[in-house]
Structure formats: structure tokens, C-alpha cells
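J.: Provided below are the primary sequence and the corresponding predicted coordinates.
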Amino acid sequence: QVHLVESGGGLVQAGESLRLSCAASGRSFSKYTMGWFRQAPGKEREFVAVITWSGVATRFADSVKGRFTISKDNAKNTVYLQMNSLQPEDTAVYYCAAESWLGDNSLFEPRDFRFWGQGTQVTVSS
């Protein structure tokens, strides 16, 4: 079991940056693949970024490639999502998710992750 708590959301203007954090409690954080998803009003939850349990592989949605980065600090039990050049279309509730031993051959769909945080709101004004 792992408990996830996101932080770092807020209101920014287009072009600005935010860094989201997801702190995990529980044992063996290093065995968890960590993902970020987002959900805008009236839309389905969508994949944003993932970093595998080893920290070697990362993957990003096409819409955020080149603007977002993801990193995992096993010593702090925390995963980060650095979001640069934010645009109004990035406005959503951002969720952190975890699943143990999920490899880079996964599709990284929401159903692949058992553990979820409560979400943090990101709002980007134009």
C-alpha cells in the first residue's frame, strides 16, 4: 500500500512554470512506477507523464513533450512534475498515481495504476 499526496498546484499565467510534487508514504517507494495524469472539466482523465520504478525510462504525452519533465527521488519518496511554458489548455486537476513494478512496456493507462492521490488544481490564464 502507498498513500499519495500532491502539492504545488496553483494559478499561473500562460508561459509560466509550476512544479508539482507527489509525496508517497509507505515502504519500498523505489519499486513503484509513478505517473501523472490530468482531468479537465467534462473530459476524461488523461495520461501526462510517467517514470518507471527504476527511474531509467520516462514517457510523456505528445501535448507536453518538450515542456514537462518528470523525476523521482527515492530518498525523499517523492516524484516531481516540472511544467514549463504552461498554456491554458494545461488547466486541469493533476493526479499522481503509483503502481509497483510497472514496466516500460505498459500502455500507462489509468486502469494500470492502483494507487492515486487526491489531485491538485492547475489553472493557467491567458
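T.: Here it is on my side, so go on. Residues are numbered from 1 along each chain as shown.
J.: Test my guess that Val124 contacts Thr91.
T.: Yes: using C-beta atoms under 8 Å, Val124 is in contact with Thr91, at 5.1 Å. (Each C-beta comes from the backbone N, C-alpha and C, glycine too.)
J.: list the residues that contact both of these two?
T.: Listed as contacting both Val124 and Thr91 by C-beta atoms under 8 Å, 6 or more residues apart in numbering is no residue at all.
J.: Residues contacting the helix or strand Thr123 falls within, please?
T.: Thr123 is part of strand 120-125 when elements are defined by DSSP states H and E. For strand 120-125, the surrounding residues in contact (C-beta under 8 Å, 6+ apart) are 6-14, 16, 18, 20, 38, 83, 86-94.
J.: Any idea what the residue most central in space within the chain is bridged to?
T.: Residue closest to the mean C-alpha point of the chain, counted by C-alpha atoms, centre = their mean, is Trp36 at 2.1 Å. On the basis of DSSP bridges, Trp36 is bridged to Ala49, Cys96.
J.: Residue numbering should commence at 6 henceforth.
T.: Sure, I'll start counting at 6 from here, so that last one is Trp41.
J.: State the distance from it to Lys48.
T.: 16 Å (C-beta to C-beta, to the nearest Å).
J.: follow-up on the earlier one: filter the contacts of strand 125-130 down to the ones in helices?
T.: Per DSSP state H, helices hold no members of the contacts of strand 125-130.
J.: give the contact list for Val17.
T.: 23, 91, 127-130.
J.: sorry, back to before: separate out the buried members of the contacts of strand 125-130.
T.: Among these, the ones that count as buried by 16 or more other C-beta atoms under 10 Å are 11, 13-14, 17, 23, 25, 43, 88, 91, 95-99.
J.: What about the residues you listed, which are in strands?
T.: Assigned to strands by DSSP state E, the following of these qualify: 11, 17, 23, 25, 43, 88, 97-99.
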